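S.K.: After the sequence you'll find the predicted model.
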Amino acid sequence: MSQAPYSSDITENDKLMAALSYPIPIVAIIILLVEDMKNRPFQKFHAIQAIAANILVWIVIAVLGTILGLISLGICGWLPGLLWFILLYWAFQAYKGLYFEIPWLTQFMKKQGWL
């Protein structure tokens, strides 16, 4: 995961809102709907990336949970839930004021023109 250095125009509020976007996706949606927030590049970048990351993580959790649940009859069904902690790690990186890339996902969104 590559990271861009801190930027001087990133406020504490930018970092907080970006960080909250990952574990609480509704915050990312609010950022994209509120004019003042979506005009802040740091918040907008992380809001879009957080929505895509949440969709991806929850799909993986659902698929792995189903497969592992069927194979092990529930013994390892909790394992995919650990993936949720990846979202918390990304939230922490955003709170530190970093622009970072999620492997494959960020590049895909850039090619689509979303970031």
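M.R.: Yep, it's here.
S.K.: and Pro103, that one's in a helix?
M.R.: No. Counting by DSSP: H, G, I helix; E, B strand; the rest coil, Pro103 is not part of a helix but coil.
S.K.: Could you report the separation of it from Val34?
M.R.: 29 Å (Cβ to Cβ, to the nearest Å). All C-beta spots, glycine's among them, are computed from the backbone N, C-alpha and C.
S.K.: Give me the more crowded residue out of these two.
M.R.: Val34 (13 against 8; other Cβ atoms under 10 Å).
S.K.: Return the helix or strand in this structure with minimum mean pLDDT.
M.R.: Lowest by mean pLDDT, DSSP states H and E among the helices and strands of the chain is strand 3-4, with a mean of 56.
S.K.: next SSE after it?
M.R.: Remark: after strand 3-4, the chain's next helix or strand is helix 12-21, criterion DSSP states H and E.
S.K.: Next, the contact list for the residue at minimal distance from the centre of the chain, please.
M.R.: Centroid check for the chain by Cα atoms, centre = their mean gives Ala50 as the closest residue, at 2.9 Å. By Cβ atoms under 8 Å, 6 or more residues apart in numbering, the contact set of Ala50 is Ala18, Ser21, Tyr22, Pro25, Val27, Ala28, Leu87, Trp90, Ala94.
S.K.: from these, which is closest to Arg40?
M.R.: Ala18 (9.0 Å; Cβ to Cβ).
S.K.: Mind listing what's buried along stretch 46-55?
M.R.: By 16 or more other Cβ atoms under 10 Å, the buried positions in stretch 46-55 come out as His46, Ala47, Ile48, Gln49, Ala50, Ile51, Ala52, Ala53, Asn54.
S.K.: With pLDDT, distance to Ile67 and secondary structure as new columns, can those residues be given to me in CSV?
M.R.: As requested, the buried residues of stretch 46-55 are arranged in CSV below (pLDDT from 0 to 100; distance: Cβ to Cβ, whole Å; DSSP: H, G, I helix; E, B strand; the rest coil):
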residue, pLDDT, distance to Ile67, secondary structure
His46, 94, 31, helix
Ala47, 95, 31, helix
Ile48, 95, 29, helix
Gln49, 95, 27, helix
Ala50, 95, 26, helix
Ile51, 95, 25, helix
Ala52, 94, 23, helix
Ala53, 93, 21, helix
Asn54, 91, 20, helix
